[in-house]
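**Q** here is the input, now give the coordinates:
(2 chains, ligands or ions: 3)
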Amino acid sequence: MVHVHKFDTVIVGGGGAGLYAALEASKKCKTAVVSKLYPQRSHTGAAQGGIAAALGNLEEDHPDWHAYDTVKGGDYLTDQKAAQVLAEDAVKVVYDLEHRGLAFSRLENGKIAQRRFGGHTNNFGKGPVRRACYAADRTGHMILQTLFQQCVENNVEFFNEFFAMDIIMDGNRAKGVSCYEIRTGDVHVFYAKAIMFATGGYGRVFMVTSNALSGTGDGPALVAKAGLPIQDMEFYQFHPTGIYRMGVLITEGVRGEGGILKNRHGTPFMEEYAPTLLDLAPRDMVSRAISEELLKGNGIRGDKKINDYVHLDARHLGRKLIESRLPDICEFCETYLGIDPSEHPIPVQPTAHYAMGGIPTDIDGRVHDGKRVIEGLYAAGECACVSVHGANRLGTNSLLELVVFGRRTGKHIADYVQGVDSPSGDASGADTVISRISSLRNKKTSKPIGPILQKMKQTMMEQVGVYRTESEMEQAIQTVKSLRDEMGGVVLQDSSSNFNTEVQSYFEAENLLLVAHSIAVSAKNRQESRGAHARSDFPERNDDEWLKHSLVRMKGEIDISYSSVDVSRWEPKPRTY
Amino acid sequence: MNVTLAVERFNPETDKEPYIVEYDVEVDENDRVIDALLYVSENQDSTLGFRKSCAHGVCGSDAMRINGVEKLACKTLIHDVTDEQNSKITVEPLRHYGVERDLIVNHDVFMEKYSKVRPYFIPASPAGSEEYIQSPEDRLRIDEATKCINCGACYSACPILETNPNFLGPQALVQAIRFVNDSRDKGLEARLDVLDNPNGLWGCQQKFECTKVCPRDIKITKLINQTKRTVEKYRKERGEKVNKGE
Ligand SMILES: Cc1cc2nc3c(=O)[nH]c(=O)nc-3n(C[C@H](O)[C@H](O)[C@H](O)COP(=O)(O)OP(=O)(O)OC[C@H]3O[C@@H](n4cnc5c(N)ncnc54)[C@H](O)[C@@H]3O)c2cc1C
Ligand code: SF4
Ligand code: FES
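**A** Ligands and ions are numbered 1, 2, ... in the order given. Take a look at the predicted model:
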């Protein structure tokens, strides 16, 4: 069955970015949130360490310092005006969240507690500053809960367990989105003046990741399938400290509180790689430092293999501090490793964590193709690329991005829809989705999806991971291409309509493969090292040729074009810490 | 090692009764139960229905009964629920919500009871230009209840719901208590009607089953008892009676 809905705006995604936008938009216009998960299950809830804002509750701090750190941390691929907006709005949104009831940890004087995080400094790089506002190590959980509670109070209309599958375009304008309702198997077409994507990240492209199973890059994939470009896909962040083999995140907050990375000889090796910021250098640098230690044979196993691990030592912090400020970390260590971090060092390795790239937008969430704005299409949160993170994101800047740009996008939408007509459309908008699903049911041979996904994750981890070279990336591209072909051989076995999770799994796998392909292609194309994109064959940053964003189109012939980076405030300099 | 997952399956569209399907899976003893379920759906039987997302115990998607006890499948390792003698793991859906399919339960019940307690911040005073001031001690009073991930394990384990389906249940009460104890919120006053009620706080008979299963280690029964006392005190001060419906 097909259902047709008309709204002023439809927001796809109920994480931090989507919910904040919904709160703003629903004040002024008819708003729907569609989400494949119940909103309070979104991966924003997994964020641990904090949200950056120059509140200066403990020491002097300024939005301008924060903006500078963001630009430098992004290895100068950050758009500088956007970084200033991020840092300035930060103070407003953190207070706004607190006014909505967010349970931040507190200082003795009753103000919001703040701590150190990698790459955040005072006086333009002089020394570390306490800028990360936190709620123990559950900051994301508190943000997500608070925003969800506010949506309940404000009667935001939710369509939960609806899986967005197709953007309906009308020339240069987005006018609708088709969704598969998991509960019934029906297809719903939402026509709206403004469509927003807030679908989160895509860490599941890689074998070891901190991301949710639902982090399958649906937003960027749907935009790409609609023939639009996606930006800076080569920049993917590996967080230095994931639990060995599982990838479950151990927040940078552990190092923020004083935890130290050590190799098999017990040497605190960051002294060698980042003499000033040490363990609190930006993540790309720390992940590379770990990888180098592993390759030198200084890992704990010491076999020079890249899947070896190092130790994160927090023992000297004492049980009291660890249990009060990092309670969830204690629990993860106990559950997944059977250890107590105040008695044992934590075995860690880099884990695929955060997508700097995604759907290109401006500072109000409007999607563009590098040249012009796509009417009626918006994006914010991890799936978007503003770009405030450039080539590498600083810790605590992502939760900030969600709320700053989620909020700005919601506000912009609320005004935008006042001045435009509702798009026309009927049930035929569902045709693409219906024919895709039925074509998968009427085939003879059948393959399981597991081995395809397994191969993709392994390939991406090994060949498009922390270090990259031309030949390996070329191999990865060929592998991913053939896996995309293999998807044609998968047949849906489940013919029932209620809670048929197989349909969703199939299309999520298809989206992951598209995203993996775009990452590998963009990475091979960029012949320099910058931020998280580290090439052994081009070890230097090359501003003359590569100080530019890349935009890749994945529909039909793959095509890469470029757009300029806003460097209007700070001149690119070598990045040392 | 090889384990057998004995999964209770049910599709109300086609089945009259739930039935058990056994899957043999090769796993590491340090794998999570959710890994084993995923392996089944990606390689053996893609029709098996279950919810999942974060895979490390923070989103609340995959509460289910494992060997008869409510747990998160992503926070339960294979070696936690097997031993030398027994490599069979039974997996069943949560109780009291109603099964939609296999391990997926209905969510409307949750939302209905959750919304009743006004689970959102109702400020006691208007906000200024900066944050509300809250002492670390006051913040500590809401620490436990703010941990709740809405997983529903407690609601499934609660024996009261067997006989009184109108009881709000531990999950919604925890949400209410989170705000009752918040020094910045109007607290109890704003939620007195739903709490001081035979189906609210007084529905609880201290069976502790919720507390035993909560994957976030929230001392639910203790919080409920404390809040009962707060209500009694509140009523007494006003010369009113509590509404136990007796
Ligand atoms: C373990 C971990 C710890 C982190 N810690 C921090 C931290 O301390 N500080 C910080 O700043 N950042 C942190 N981050 C990063 C940050 O949490 C994420 O980038 C951010 O939460 C993403 O939020 P989002 O709103 O963009 O997406 P999400 O919260 O992932 O939400 C995505 C939403 O989109 C929906 N969706 C997706 N696809 C579809 C579809 N096809 N149809 C319908 N709905 C769909 C989902 O249902 C979900 O509601 C952390 C990340 C991880 C993984
Ligand atoms: S109180 Fe505990 S068991 Fe109950 S829903 Fe919350 S986290 Fe789950
Ligand atoms: S999948 Fe999130 S709690 Fe288990």
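**Q** quick one: low-confidence ranges for the chain?
**A** Assuming you mean chain A. Low-confidence segments of chain A (pLDDT under 70): A:443-445.
**Q** residue in it nearest to chain B?
**A** Closest contact between chain A and chain B, by CB to the nearest CB, is at A:Gly101 (2.6 Å). The C-beta positions use only the backbone N, C-alpha and C, and glycine is treated the same way.
**Q** pretty sure that residue sits against A:Thr146.
**A** Yes. Shown here, A:Gly101 and A:Thr146 form a contact pair, counting by CB atoms under 8 Å, at 5.6 Å.
**Q** find residues that contact each of these two.
**A** B:Phe121 (CB atoms under 8 Å, 6 or more residues apart in numbering or on different chains).
**Q** and the strands in chain B?
**A** B:2-9, B:19-26, B:63-66, B:69-72, B:88-92, B:99-101, B:104-105 (DSSP state E).
**Q** got the buried residues for the fifth one?
**A** Spelled out, it's strand B:88-92. Within strand B:88-92, the residues that qualify as buried are B:Ile89, B:Thr90, B:Val91, B:Glu92, counting by 16 or more other CB atoms under 10 Å in any protein chain shown.
**Q** make TSV out of those and add distance to ligand 1 and pLDDT.
**A** Below are the buried residues of strand B:88-92 laid out as TSV (distance: CB to the nearest ligand atom, whole Å; pLDDT from 0 to 100):
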residue	distance to ligand 1	pLDDT
B:Ile89	27	98
B:Thr90	30	98
B:Val91	24	98
B:Glu92	26	98
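**Q** what residues go with each domain of chain B?
**A** B:2-105, B:107-237 (automatic domain parsing).
**Q** got the end-to-end distance for stretch B:179-191?
**A** In terms of CA to CA, to the nearest Å, the two terminal residues of stretch B:179-191 are separated by 9 Å.
**Q** can I take it that A:Asp166 is in a helix?
**A** No. Per DSSP: H, G, I helix; E, B strand; the rest coil, A:Asp166 lies outside any helix segment and is strand.
**Q** and for it, nearest residue in space, chain neighbours not counted?
**A** In space, and not counting its chain neighbours, A:Asp166 is closest to A:Ser178: 4.3 Å by CB to CB, 6 or more residues apart in numbering or on different chains.
**Q** so the one you found versus A:Arg436, what's the distance?
**A** Distance, A:Ser178 to A:Arg436, using CB to CB, to the nearest Å: 10 Å.
**Q** how near is the residue lying closest to B:Pro18 once chain neighbours are set aside to B:Pro165?
**A** Leaving aside its sequence neighbours, B:Pro18 sits nearest to B:Phe10 (CB to CB, 6+ apart; 4.0 Å). According to CB to CB, B:Phe10 stands 20 Å off from B:Pro165.
**Q** those helices in chain B, which residues are they?
**A** Along chain B, counting by DSSP state H, helices occupy B:33-39, B:78-81, B:108-116, B:136-140, B:143-146, B:153-157, B:160-163, B:170-180, B:188-195, B:209-213, B:220-237.
**Q** near ligand 1 at all, stretch A:381-393?
**A** Yes. Stretch A:381-393 is in contact with ligand 1 by CB under 6 Å from any ligand atom, via A:Gly381, A:Glu382, A:Cys383.
**Q** how about that stretch, does it reach chain B?
**A** No. Stretch A:381-393 is not in contact with chain B by CB under 8 Å from any CB of the partner chain; minimum separation 14.5 Å.
**Q** for stretch A:454-469, buried residues please.
**A** A:Met456, A:Lys457, A:Thr459, A:Met460, A:Met461, A:Gln463, A:Val464, A:Gly465, A:Val466, A:Tyr467, A:Arg468.
**Q** narrow those to those in helices?
**A** A:Met456, A:Lys457, A:Thr459, A:Met460, A:Met461, A:Gln463.
**Q** same list, the residues you listed, but only the ones touching ligand 2.
**A** Among those, no residue sits close to ligand 2 (CB under 6 Å from any ligand atom).
**Q** redo those as CSV? Include distance to ligand 3.
**A** Below are those laid out as CSV (distance: CB to the nearest ligand atom, whole Å):
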residue, distance to ligand 3
A:Met456, 21
A:Lys457, 18
A:Thr459, 25
A:Met460, 22
A:Met461, 21
A:Gln463, 29
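**Q** got TSV for those residues, with distance to A:Asp186 too?
**A** Formatted as TSV, these follow (distance: CB to CB, whole Å):
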residue	distance to A:Asp186
A:Met456	30
A:Lys457	32
A:Thr459	36
A:Met460	34
A:Met461	37
A:Gln463	41
